[in-house]
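Novice: Give me a model of this one.
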Amino acid sequence: LSLYRRFFDAAPDMFLSLAPAGQRILDANTAFCRAVGMLKDEVLGQPVDLFVELDKGWEDALGSGGEFIAGQIKTNSGIIKVEASISLEGNPEGQPWVLGAILRDVTLRDALHSELLQKSTALEKALEEIRSVDELKDEFLTTLSHELKTPLVSLKGFLQLLKQGRAQGEQADKYLDICWRNLTKLETQINNLLD
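Specialist: From the prediction side, this is the model:
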């Protein structure tokens, strides 16, 4: 019994023993008393719903069959979110004798979960922005490639005609003017790109 008592009082989770009728607190460990900021003598005999509110309510929680039930503990310094596991112990005749309640503080876990969701949302948004920038980059490179190649194709074609001697006199001068305009256009585009 003393080993059980030491375990009961030293456990990090909150343990309560409750009377089945009226759910009054028969026993509470140190973790529970510390959470509510009261001495054990101040807690014993009090209705459990004075301190612990379960989302399902205590009556419905009794029929939950050992599943974890969300709830909260009201303290002087605020609310502690908990998950409760309730078990009903019977006496040798099978009559309800005592309720056992284990309460685990999930305040920090819920806060970390919320923070993780926020960061996940921020990462998804950043990824979407990266994809958008990547699409803009691809579009920019496609446009740039087109804008730089067009004057080069024209230059190459007219210079080839001149080199092969297919243009003479005024026609040669006209081709040289076209080449000059394309060189100027190319120079302007390169300067704009560098800027």
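
Novice: Report the separation between the residue sitting nearest the centre point of the chain and R131.
Specialist: Centroid-nearest residue in the chain: L117, 1.5 Å away (criterion: C-alpha atoms, centre = their mean). Using C-beta to C-beta, to the nearest Å, L117 is found at 21 Å from R131. Using the backbone N, CA and C atoms, a C-beta is placed for each residue, glycine as well.

Novice: mind listing the helices for the protein?
Specialist: For the chain, the helices defined by DSSP state H cover 2-10, 30-36, 40-43, 58-62, 107-163, 169-194.

Novice: Can you read off the pLDDT for the residue of the chain positioned farthest from its centre?
Specialist: Distance from the C-alpha centroid of the chain, by C-alpha atoms, centre = their mean, peaks at G169 (74.3 Å). As predicted, G169 sits at a pLDDT of 90.

Novice: N91 too?
Specialist: 63.

Novice: and if you look at I130?
Specialist: According to the model, I130 scores 93 on pLDDT.

Novice: what's the spacing between it and D138?
Specialist: Taken as C-beta to C-beta, the span from I130 to D138 is 13 Å.

Novice: What is the burial count for the nearest residue to P12 once chain neighbours are set aside?
Specialist: Excluding the flanking residues, the one nearest P12 by C-beta to C-beta, 6 or more residues apart in numbering is A31, at 6.1 Å. Counted with other C-beta atoms under 10 Å, the neighbours of A31 add up to 18.

Novice: Please list all residues in contact with A31.
Specialist: 11-15 (C-beta atoms under 8 Å, 6 or more residues apart in numbering).

Novice: Would you convert those into JSON lines that also reports distance to T107?
Specialist: Shown next, in JSON lines, are those (distance: C-beta to C-beta, whole Å):
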{"residue": "A11", "distance to T107": "18"}
{"residue": "P12", "distance to T107": "14"}
{"residue": "D13", "distance to T107": "13"}
{"residue": "M14", "distance to T107": "12"}
{"residue": "F15", "distance to T107": "18"}
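
Novice: Could you identify the buried members of those residues?
Specialist: 14-15 (16 or more other C-beta atoms under 10 Å).

Novice: Find the pair from the contacts of A31 with maximum spatial separation.
Specialist: P12 and F15 (10.2 Å; C-beta to C-beta).

Novice: and the top strand by length along the chain with helix 107-163, angle?
Specialist: Ordering each strand of the chain by length in residues (DSSP state E) puts strand 78-90 first. Relative orientation of strand 78-90 and helix 107-163, computed by axes from the mean of the first three to the mean of the last three C-alpha atoms, to 10 degrees: 120 degrees.

Novice: In terms of secondary structure, what does strand 78-90 contact?
Specialist: strand 52-54, helix 58-62, strand 69-75, strand 96-105, helix 107-163 (3 or more C-beta pairs under 8 Å, 6 or more residues apart in numbering; DSSP states H and E).

Novice: is Q72 in a bridge, and if so with what?
Specialist: With DSSP bridges as the criterion, Q72 is bridged to E53, K81.
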